[in-house]
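Engineer: show me how the following folds:
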Amino acid sequence: MIKTIIFDLGGVLIDWNPRYMYRKIFSDEAKMEDFLTKITTPDWNEQQDAGHLIADATRELIAEHPEFDSEIRAYYERWTEMLNGAIQETVDILTNIYGGKKYRLYALTNWSGELFPYALANFDFLQYFEGIVVSGDEKMKKPDIRIYDLILDRYEIDPKTAVFIDDNERNIKAAATTGLKTIHFKSPQQLAADLAEMGIMV
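Structural biologist: Predicted coordinates for the structure are as follows:
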């Protein structure tokens with residue numbers, strides 16, 4: 001029986017995509033994709049999710065690619081423009097679960113600790129969680145197995161009675177090795193169906 005539900009945030013409850021901002025900078029979609037693939041790569045961003053300081057990361061990347069000075073600076077100077085608000089249908093699912101008072105709710109997110117206070121101030125539904133583990137604060141990130149162990153230990157969660165929801169298959173596979181039940185998020189509708197199959201009514 002499920003007693004605890006652990007949510008990822010970006011891509012599940014919050015719509016984040018650097019393209020929302022960079023389409024304002026690049027008029028050519030192909031050039032934008034090339035920049036995001038080769039310069040401000042997902043791996044580079046994840047270093048900050050693991051605790052690398054934004055100022056240092058920006059300076060280091062500009063040193064490597066000085067021709068993209070302003071574009072690189074924009075990544076974190078204008079990062080709030082990468083947020084397209086809440087994924088409301090998923091928030092509705094979370095709200096219904098929270099209102100039922102039957103389950104413990106937590107969040108586990110890859111997010112820079114320097115930037116996460118903005119999310120706390122702007123997404124009221126984050127208050128539904130009893131605890132939130134932020135990778136940047138812990139200096140480790142999904143899919144590092146240690147961060148799953150950390151949330152389980154910190155909040156005394158039994159993985160056998162908990163489910164973890166994430167949109168990244170890599171993170172789901174890592175979570176499963178701890179004994180957690182998992183849901184690979186693809187849409188709010190699919191999430192609701194998978195939860196219902198587990199006996200969790202939303």
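Engineer: over to the residue nearest to residue 161 when sequence neighbours are not counted: give its phi and psi.
Structural biologist: The spatially closest residue to residue 161, leaving aside those adjacent along the chain, is residue 3, at 4.4 Å (Cβ to Cβ, 6 or more residues apart in numbering). To be clear about C-beta, it is placed using only N, CA and C from the backbone, and glycine gets the same treatment. Here the main-chain torsion angles of residue 3 (degrees, to the nearest 10) amount to phi -120, psi -20.
Engineer: now do the same for residue 3: its pLDDT.
Structural biologist: For residue 3, the pLDDT comes out at 97.
Engineer: enumerate every residue touching it.
Structural biologist: 103-104, 158, 161-162 (Cβ atoms under 8 Å, 6 or more residues apart in numbering).
Engineer: who wins for most neighbours among the residues you listed?
Structural biologist: residue 162 (24 neighbours; other Cβ atoms under 10 Å).
Engineer: report the beta-bridge partner residues of that residue.
Structural biologist: Using DSSP bridges, the beta-bridge partners of residue 162 come out as residue 4.
Engineer: and for residue 107, the neighbour number?
Structural biologist: 25.
Engineer: equivalent analysis for residue 47, please.
Structural biologist: So residue 47, with other Cβ under 10 Å, has 18 neighbours.
Engineer: what's it sitting at in phi/psi?
Structural biologist: Given degrees, to the nearest 10, the pair of backbone angles that residue 47 has is phi -60, psi -40.
Engineer: could I get the pLDDT score of it?
Structural biologist: 97.
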